[in-house]
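Student: coordinates only, sequence not included:
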């Protein structure tokens with residue numbers, strides 16, 4: 001594979017990762033919106049309790065809850081599609097252009113893909129075979145931690161290869177985000193911005209210089 005071909009594939013891979021992060025962020029935004037919808041419905045119903053019949057209030061609450069639930073499901077699906085069908089495959093494609101990314105790619109696949117499968121299998125089996133189901137569930141959570149480590153390693157490798165300290169900051173925030181979850185959102189935003197800068201730099205480097 002020539003340098004130009006690797007560069008082209010690198011741009012495609014980074015763009016796919018960035019698209020995945022955008023879907024994740026939109027999904028998280030919808031998740032927050034769903035909570036706001038539910039809370040708004042509850043507080044509005046409380047305020048109208050004294051002047052509205054209970055039957056109307058119940059119908060009102062159910063309507064708000066359904067809208068909130070639909071928004072929540074949409075956000076969850078977008079996040080899952082973005083991460084599992086865009087971001088992780090993008091990292092895999094990136095590892096094919098540079099072996100520096102092979103380790104984080106493997107950690108992400110084993111950790112998050114295997115972890116999700118194990119968690120879902122455990123959740124299904126817990127009511128049927130409690131011990132096995134619980135064991136699979138715990139194994140899935142441990143694998144998810146491995147996947148989280150993969151995200152940190154990925155950010156560090158991106159910092160080394162791309163020479164952008166934004167990746168380093170994102171990786172640090174992924175670590176601190178274990179204890180302060182809101183920082184995970186900040187980390188994903190920074191990673192999204194840094195990937196955009198990397199794509200633009202690579203595209204600019206491919207353009208022929210005219211005199």
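Tutor: Sure thing, it's come through. Here the structure is a predicted model, which is why all the values come from computation and not from measurement.
Student: okay, CA-based contacts and neighbour counts for the rest of this
Tutor: Fine.
Student: For the nearest residue to residue 199 once chain neighbours are set aside, which residues are in contact?
Tutor: Using C-alpha to C-alpha, 6 or more residues apart in numbering and skipping the chain neighbours, the partner closest in space to residue 199 is residue 11 (5.6 Å). For residue 11, the contact set (C-alpha atoms under 8 Å, 6 or more residues apart in numbering) comprises 199, 202, 203.
Student: switch the cut-off to 10 Å
Tutor: 5, 17, 90, 94, 195, 196, 198, 199, 200, 201, 202, 203 (C-alpha atoms under 10 Å, 6 or more residues apart in numbering).
Student: Now tabulate these in a markdown table and tack on distance to residue 128.
Tutor: Formatted as a markdown table, the contacts of residue 11 follow (distance: C-alpha to C-alpha, whole Å):
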| residue | distance to residue 128 |
| --- | --- |
| 5 | 51 |
| 17 | 38 |
| 90 | 37 |
| 94 | 41 |
| 195 | 44 |
| 196 | 47 |
| 198 | 49 |
| 199 | 49 |
| 200 | 52 |
| 201 | 54 |
| 202 | 53 |
| 203 | 54 |
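Student: Please pick the buried ones from the residues you listed.
Tutor: 17, 90, 94, 195, 196, 198, 199, 202 (16 or more other C-alpha atoms under 10 Å).
Student: Can you give me the neighbour number for the residue lying closest to the first one once chain neighbours are set aside?
Tutor: Of all residues not flanking residue 17 in the chain, residue 87 sits nearest, at 4.1 Å (C-alpha to C-alpha, 6+ apart). When counting by other C-alpha atoms under 10 Å, one arrives at 26 neighbours for residue 87.
Student: where does residue 87 land on pLDDT?
Tutor: Here the pLDDT value assigned to residue 87 is 98.
Student: ok, it to residue 111 distance?
Tutor: 14 Å (C-alpha to C-alpha, to the nearest Å).
Student: Likewise for residue 127?
Tutor: Residue 127 is 25 Å from residue 111, by C-alpha to C-alpha.
Student: Looking at the two, which has the bigger crowd around it?
Tutor: residue 111 (25 against 11).
Student: what's that one in contact with, if anything?
Tutor: Neighbouring residues of residue 111 by C-alpha under 10 Å, 6+ apart: 104-105, 117, 140-151.
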